[in-house]
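Asks: here you go, sequence then predicted model.
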Amino acid sequence: MAQADPSGRGPLPVPARMAGPAAPARRRGRGPLRVLLAMLLTALVVGGAVPYVAGPGRAYLSYLVLAERADAAGAERAAEQIRAAGGQVVQEYPQIGVVLAYAAGGFAQKVRGRPGVASVGATRTAPVPGPPRSVDGAGDFRAGLRGPGGSGDGGGDGDGDGGDDSTVTVPDPGERDAWNLALLGAAPGAAADTTPRSPRGPDTPGADALRRVLVAVLDSGVDDTHPDLRAAVDPKSSVSCADGRPDARTGAWRPDAGVGESGHGTHVAGIVGAARDGRGVSGVAPGVRIAAVRLLGPLGQYYAENIVCGMLWAADHGARAINNSYFADPWKYNCPDDPDQAALTAAVGRAVEYARRNGAVVVASAGNDGQDLGAARSDERSPNDRTGGAPQSRSLGPECVRLPGELPGVVTVTAVDRDGRPSVYTNHGRGRVSLAAPGGDPDGGARGAVVSDWPDGRYAALAGTSMAAAHVTGAVAVAAALHPDWDSDRLAALLATTADAACPPGPHACGDREYYGAGALVLPR
């Protein structure tokens, strides 16, 4: 593989009969009516049903409205201003003073500068016929809330969804050749002991301590019927935020086989916490509880409202680590001089800070574009929710950030290959990345990639910073099991300190902070 995956979002395709998920197709009509028709047809094909309420010949955009007050009172005031300007309130995020609204064109200009409103940003560039349909019994942020330390049952019911047809799967690996676990400091092979002992005593099984830890996988959905994940996924902590609203109905968090990249979240979840039972793969933290949080929407996008919804849900349900192996749509990089993009950055930033204050370490992939995040760079794909036409060719400075990976306090992860060297595709940047972890080599076939779970009880070999981030999320779970009273900053600092102490110097080792940050990930003990 000579170049990075052009999407920069998820895993890279693996040659030699291994292929990663393809980026979802983007199409655009040449006029407003054709745009709406294209969106409706796309929804019918990939989502199974039209997910929006059709308006009377109008075209709607979605907006995040940020109140000056980052609390429930601020959200209520912002909602009042939205309605006064003719917009429709779809979801309030009272935890951080943000509101999701749908409205026709010109809405942002009407609301910006109104009393109590700090900023407004359109979260998409391609219009839809109207707001998303109402969902009966979907629940809300506070429904069923248990908070940190709560217990939950693993598993789920119903049939799992399939993965992407373009992905060639591999036979059951039987937990063999776990090179990725070996790089973390564990013994090679399936018997690698990566499970921490409980703080209650050296003879207490580590699975007991890990079972009290919840991690959230914000992604394309997780197949909780997979044999490796049945005991891991906690249905009571799982949700779909695929349209910015929390939908906690049974199975809503599972992948939609009709949407591209739908198997990605299952692969990531397997790296984090697949069961150690001699079959399939073993996760970094086998025994941990996983909150499956589906962000990928019916049109194949990770919009900012989906991220905000997922981050808040995970935090409110007591997640100690939140994995983000994606970038926000529609802009690969969001620039502060654009009012829409600045508002999206602020909204996701509020959600990240809320999660961190509530005890979660927020982990994100650095991206697969091979770019220096601290230097000038180009963006040839944005906006990527268009339904046709060419993308903009943007020349960007380092002030333009990838969401959520470049936000303050986020643990941003680069990828290394089987030999511990930086993967050719990984984004990097001195002072812009936190840790390096196994991401694999797409040119190395199944042996050089990371093998993990795939929907319908299958397995796939993928490579990317998505995989690297999942290893760090699993390591955070191990650290939280060892130190249940530590806050998010202290847990993240432990991983950085451990990585730095174990890293040898040299141009292809941790002496090169541009690629490794604090160092290469090592499991805490």
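Replies: Cool, got the structure. Numbering: from 1, shown residues only.
Asks: so N306 is in contact with D243, correct?
Replies: Yes - the criterion here is CB atoms under 8 Å, and N306 meets it with D243 at 7.2 Å. C-beta coordinates here come from the backbone N, C-alpha and C atoms, glycine included.
Asks: neighbour-wise, which of those two wins?
Replies: Comparing N306 with D243 by neighbour count (other CB atoms under 10 Å), the higher total belongs to N306, at 27 against 24.
Asks: picking that back up, now do the shared contacts for N306 and D243.
Replies: With contacts taken as CB atoms under 8 Å, 6 or more residues apart in numbering, the residues that reach both N306 and D243 are G297.
Asks: distance of G121 relative to K332?
Replies: 16 Å (CB to CB, to the nearest Å).
Asks: where does pLDDT dip in the stretch 201-350 of the chain?
Replies: Along the stretch 201-350 of the chain, segments meeting pLDDT under 70 span 201-205.
Asks: how far does stretch 295-308 sit from its chain's centre?
Replies: Distance of stretch 295-308 from the chain centroid (CA atoms, centre = their mean, to the nearest Å) equals 10 Å.
Asks: check contacts around the residue nearest the centre of the chain.
Replies: In the chain, the centroid-proximal residue (CA atoms, centre = their mean) is N324; its distance is 2.7 Å. Residues in contact with N324 (CB under 8 Å, 6+ apart) are L218, I307, V362, V363, A364, S365, P404, G405, V410, A469.
Asks: if we use 10 Å, what do you get?
Replies: 216-219, 268, 293, 295, 302, 307, 310-311, 348, 352, 362-365, 403-405, 407, 410-413, 466, 469, 473 (CB atoms under 10 Å, 6 or more residues apart in numbering).
Asks: spatially nearest residue to it (excluding sequence neighbours)?
Replies: In space, and not counting its chain neighbours, N324 is closest to A364: 4.2 Å by CB to CB, 6 or more residues apart in numbering.
Asks: cool, W179 as well?
Replies: Nearest residue to W179, sequence neighbours excluded (CB to CB, 6+ apart): R418, at 5.2 Å.
Asks: what about A291, distance to T497?
Replies: Taken as CB to CB, the span from A291 to T497 is 27 Å.
Asks: higher neighbour count, these two?
Replies: Using other CB under 10 Å, the more surrounded residue of A291 and T497 is A291, with 27 against 14.
Asks: in which helix or strand would I find the more buried one?
Replies: Per DSSP states H and E, A291 falls inside strand 289-294.
Asks: check which residues of that strand are buried.
Replies: R289, I290, A291, A292, V293, R294 (16 or more other CB atoms under 10 Å).
Asks: what's the closest of these to V272?
Replies: Nearest to V272 among the buried residues of strand 289-294 is I290, at 6.5 Å by CB to CB.
Asks: contacts only, for the closest one.
Replies: Counting by CB under 10 Å, 6+ apart, the residues that I290 touches are 152, 154, 213-217, 222, 224, 229, 231-234, 237-238, 253, 268-270, 272-274, 283, 319, 323, 473, 477.
Asks: so how far is stretch 256-266 off the chain centroid?
Replies: For stretch 256-266, the distance to the chain centre is 13 Å (CA atoms, centre = their mean).
Asks: same question for stretch 236-256.
Replies: On CA atoms, centre = their mean, the centre of stretch 236-256 falls 14 Å from the chain's centre.
Asks: end-to-end on that stretch?
Replies: Taking CA to CA, to the nearest Å, stretch 236-256 runs 20 Å from one end to the other.
Asks: now K236: how far from G318?
Replies: K236 is 11 Å from G318, by CB to CB.
Asks: can you check D489 too?
Replies: D489 is 17 Å from G318, by CB to CB.
Asks: with neighbour numbers in mind, choose between those two.
Replies: Legend: neighbour count by other CB under 10 Å for D489 and G318, higher for G318 (23 against 12).
Asks: so where do the helices sit in this structure?
Replies: Secondary structure of the chain (DSSP state H): helices at 32-47, 72-84, 107-111, 179-183, 206-211, 264-273, 304-316, 339-357, 445-448, 465-482, 488-502, 513-516.
Asks: next, format these as CSV and append distance to T426.
Replies: Formatted as CSV, the helices of the chain follow (distance: least, CB to CB, whole Å):
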stretch, distance to T426
helix 32-47, 30
helix 72-84, 38
helix 107-111, 35
helix 179-183, 15
helix 206-211, 29
helix 264-273, 16
helix 304-316, 22
helix 339-357, 22
helix 445-448, 14
helix 465-482, 6
helix 488-502, 16
helix 513-516, 7
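Asks: excluding chain neighbours, what is closest to T266?
Replies: D223 (4.6 Å).
Asks: what is the burial count for the one you found?
Replies: For D223, using other CB under 10 Å, the count is 33.
Asks: tell me both backbone torsions, phi and psi, for it.
Replies: phi -80, psi 100 (degrees, to the nearest 10).
Asks: where does pLDDT dip in the protein?
Replies: For the chain, the ranges with pLDDT under 70 are 1-10, 13-57, 136-166, 168, 186-205, 504-511.
Asks: what residues are up against the closest residue in space to H428 that isn't next to it in sequence?
Replies: Spatial nearest neighbour of H428, chain neighbours left out: Y515 (4.7 Å); criterion: CB to CB, 6+ apart. Neighbouring residues of Y515 by CB under 10 Å, 6+ apart: 366, 414-416, 421-423, 426-430, 433, 436, 507-509.
Asks: got the contact list for the nearest residue to G87 once chain neighbours are set aside?
Replies: Nearest in space to G87, with sequence neighbours left out and distances taken as CB to CB, 6+ apart, is A103 at 3.7 Å. Applying CB under 10 Å, 6+ apart, we find A103 in contact with 58, 60-63, 65, 82, 85-89, 110-111, 120, 122, 131.
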